[in-house]
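*Asks:* no FASTA, just this:
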């Protein structure tokens, strides 16, 4: 059979507790819909797998181990290995659907506990290798991303749970990690890589147009292609497309760089696999960024920080430190905080509508509690101290924030992260529309993400006059 035919023939299979459940010879007899996300910013790969019309006697249990494979006959392999955390039976019209919500890992294997000491000058990669052996997992790491600066000058003691140690090292040495397909994957999204480069173009299965993102400089790309299990979050892609679309957060205000193009080489940051065996969708959506992203973003900010003249030098320095750790533009933090505080940057700024929210991001009481504090404690902090909670708030969203609009959506309405400016957030009549009716600038009874984001983009532009 010609290769050109094989690349369109899809297959999938599933193992439960190491035993065949459905293999690729039976896959056409069953309908499956899957949505699998691998994002090093979240430490776990997550899967939502829906199986249609299984027999009532079919037993699938919580904490069963699961291996799910999918792809085309020329590119077919495992795309998820994990454990089932929850199972549901749902009705979709005439169909009964068994829904499996899963996380990466193996139920029968608990991660280990480290108890190791390292002398002065020890490399962080030595600790990471030991962490992988202790778990135990296979380590995927590109040594080229770690330099002679990634050492412990006075030594290091690794005692405790492997995941806790990895989280601390990730903050200290600025890397991301995820447990994926039996591997501990360590990566630095914006650092140069030496891993394999995969071509993404119309001849290799690219779907639609790539989307330029991560700000007016276009330093990131979202691109959809046919599933290729060999592309990992440690891979590189080379995108080639005559046309592109854009998502900088708000194109009505943000000015794209004149030479912005999706074409070029990128580091894969996150992957989402989506498919329906009885439908057309059978794709992987790749979120990727250019190597040197932070250097590009830093250069784009100029000498000053917007609204910098309204805050202390210590505040400006800490915002830049947080932005560097989270890989985002420091000006985005300033624009959001300027809007949320009415440009006061006061840690005790109350919500003027009486919601009980306070501070730099207008933290609600429940939000403060989820961050391990309270609104009263936040009010009593200095602005610099409260920035720790600003960083903690954005941490779960970092892997998804690609522009200023996304950052503002993380505060206002997280479902809006990654959406286009035309995406409708609320319609009339509804309580959310009523509470935000002032955003409906064209009075058409709908509030789009673009209309909502205009507020924070206005703060960005206004802040240019107050740089420091």
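*Replies:* Here it is on my side, so go on. Worth saying up front: this structure is predicted, and the values here are computed from it rather than measured.
*Asks:* quick one: the helices in the protein?
*Replies:* According to DSSP state H, the chain carries its helices in the segments 3-6, 124-134, 162-173, 293-300, 313-326, 330-340, 365-370, 375-379, 383-394, 404-412, 431-435, 449-463.
*Asks:* and of those, who's closest to residue 76?
*Replies:* helix 3-6 (9.6 Å; CB to CB). (Glycine included, C-beta is placed from N, CA and C.)
*Asks:* mind showing which ranges of this structure have poor pLDDT?
*Replies:* Filtered on pLDDT under 70, the chain yields the residue ranges 1-8, 24-28, 41, 106-110, 214-218, 247-260, 293-303.
*Asks:* redo that, cut-off 50
*Replies:* Within the chain, the segments meeting pLDDT under 50 span 1-7, 296-302.
*Asks:* spatially central residue for it, please.
*Replies:* The centroid of the chain falls nearest to residue 399 when counting by CA atoms, centre = their mean (2.6 Å).
*Asks:* how near is that residue to residue 390?
*Replies:* In this view, residue 399 and residue 390 are 17 Å apart by CB to CB, to the nearest Å.
*Asks:* could you do residue 418 as well?
*Replies:* 21 Å.
*Asks:* wouldn't residue 357 be in contact with residue 363 here?
*Replies:* Yes - assessed by CB atoms under 8 Å, residue 357 is found in contact with residue 363 at 6.0 Å.
*Asks:* of those two, which one has the most company?
*Replies:* residue 363 (28 against 20; other CB atoms under 10 Å).
*Asks:* residues touching that one, list them.
*Replies:* Residues in contact with residue 363 (CB atoms under 8 Å, 6 or more residues apart in numbering) are 357, 371, 375, 378, 389, 393.
*Asks:* residue 237 now?
*Replies:* Residue 237 touches 197, 198, 199, 200, 223, 231, 265, 266, 268, 286, 288, counting by CB under 8 Å, 6+ apart.
*Asks:* which among those residues end up buried?
*Replies:* 198, 200, 223, 231, 266, 268, 286, 288 (16 or more other CB atoms under 10 Å).
*Asks:* for residue 239, state which of those is nearest.
*Replies:* Closest to residue 239, out of all of the buried ones among the contacts of residue 237 and judged by CB to CB, is residue 200, at 4.9 Å.
*Asks:* got a list of what that closest one touches?
*Replies:* Residue 200 neighbours (CB under 8 Å, 6+ apart): 206, 210, 223, 225, 237, 238, 239, 240, 286.
*Asks:* out of those, which are inside strands?
*Replies:* Among the contacts of residue 200, the members falling in strands (DSSP state E) are 206, 210, 223, 225, 237, 238, 239, 286.
*Asks:* surely the second one touches residue 261?
*Replies:* No - the pair formed by residue 210 and residue 261 falls short of the contact definition of CB under 8 Å, at 9.4 Å.
*Asks:* those two: which has the busier surroundings?
*Replies:* With neighbours defined as other CB under 10 Å, residue 210 and residue 261 compare such that residue 210 has more, 27 against 13.
*Asks:* give the contact list for that one.
*Replies:* For residue 210, the contacting residues are 200, 221, 222, 223, 239, 241, 244, 245, 262, by CB under 8 Å, 6+ apart.
*Asks:* how much space between it and residue 200?
*Replies:* 8 Å.
*Asks:* same question for residue 10.
*Replies:* 19 Å.
*Asks:* so what's residue 35 bridging to?
*Replies:* Beta-bridge partners for residue 35, by DSSP bridges, are residue 48, residue 274.
*Asks:* ok, it - contacts?
*Replies:* Residue 35 neighbours (CB under 8 Å, 6+ apart): 47, 48, 272, 273, 274.
*Asks:* and the closest residue to residue 104 other than its chain neighbours, what does it touch?
*Replies:* Spatially, and ignoring its direct neighbours in sequence, residue 104 is nearest to residue 45 (3.9 Å; CB to CB, 6 or more residues apart in numbering). When contacts are counted by CB under 8 Å, 6+ apart, residue 45 touches 36, 37, 38, 39, 80, 82, 103, 104, 178, 179, 180, 181.
*Asks:* likewise residue 334?
*Replies:* By CB under 8 Å, 6+ apart, the neighbours of residue 334 are 305, 306, 307, 308, 319, 463.
*Asks:* pick out the most distant pair among these.
*Replies:* Most distant of these, by CB to CB, are 319 and 463, 12.3 Å apart.
*Asks:* do I have it right that the residue nearest to the centre of the chain meets residue 38?
*Replies:* No - using CB under 8 Å as the test, residue 399 is too far from residue 38 to be in contact (10.4 Å).
*Asks:* which neighbours do the two share?
*Replies:* residue 270.
*Asks:* if we can go back for a sec, pick the one among the contacts of residue 237 closest to residue 128.
*Replies:* So of these, ranked by how close each gets to residue 128 (CB to CB), first place is residue 268, at 19.6 Å.
*Asks:* partner residues bridging that closest one?
*Replies:* Going by DSSP bridges, residue 268 forms beta bridges with residue 288.
*Asks:* then residue 213?
*Replies:* Under the criterion used (DSSP bridges), residue 213 bridges to residue 220, residue 247.
*Asks:* measure it to residue 410 for me?
*Replies:* On the measure of CB to CB, residue 213 and residue 410 end up 15 Å apart.
*Asks:* which one's more surrounded, those two?
*Replies:* residue 213 (25 against 20).
*Asks:* and that one, how far is that from residue 322?
*Replies:* For residue 213, the distance to residue 322 - CB to CB - is 21 Å.
*Asks:* residue 186 too?
*Replies:* Counting by CB to CB - residue 186 and residue 322 are separated by 22 Å.
*Asks:* next one: residue 156
*Replies:* Residue 156 is 24 Å from residue 322, by CB to CB.
*Asks:* next: residue 264.
*Replies:* As judged by CB to CB, residue 264 and residue 322 stand 28 Å apart.
*Asks:* more neighbours, the two?
*Replies:* Taking neighbours as other CB under 10 Å, residue 264 and residue 322 compare with residue 322 leading, 19 against 14.
*Asks:* correct me, but the more buried one touches residue 386?
*Replies:* No - the pair residue 322 and residue 386 does not pass the contact test of CB under 8 Å, sitting 11.7 Å apart.
*Asks:* between the strand ranked longest in the chain and strand 220-226, how big is the angle?
*Replies:* Longest strand in the chain by number of residues (criterion: DSSP E): strand 75-92. Per axes from the mean of the first three to the mean of the last three CA atoms, to 10 degrees, the angle that strand 75-92 makes with strand 220-226 is 90 degrees.
*Asks:* who's in contact with strand 75-92?
*Replies:* With CB under 8 Å, 6+ apart, strand 75-92 has contacts from 7, 11, 24, 36, 45, 47, 52, 60-71, 96-107, 180-182, 226-230, 273.
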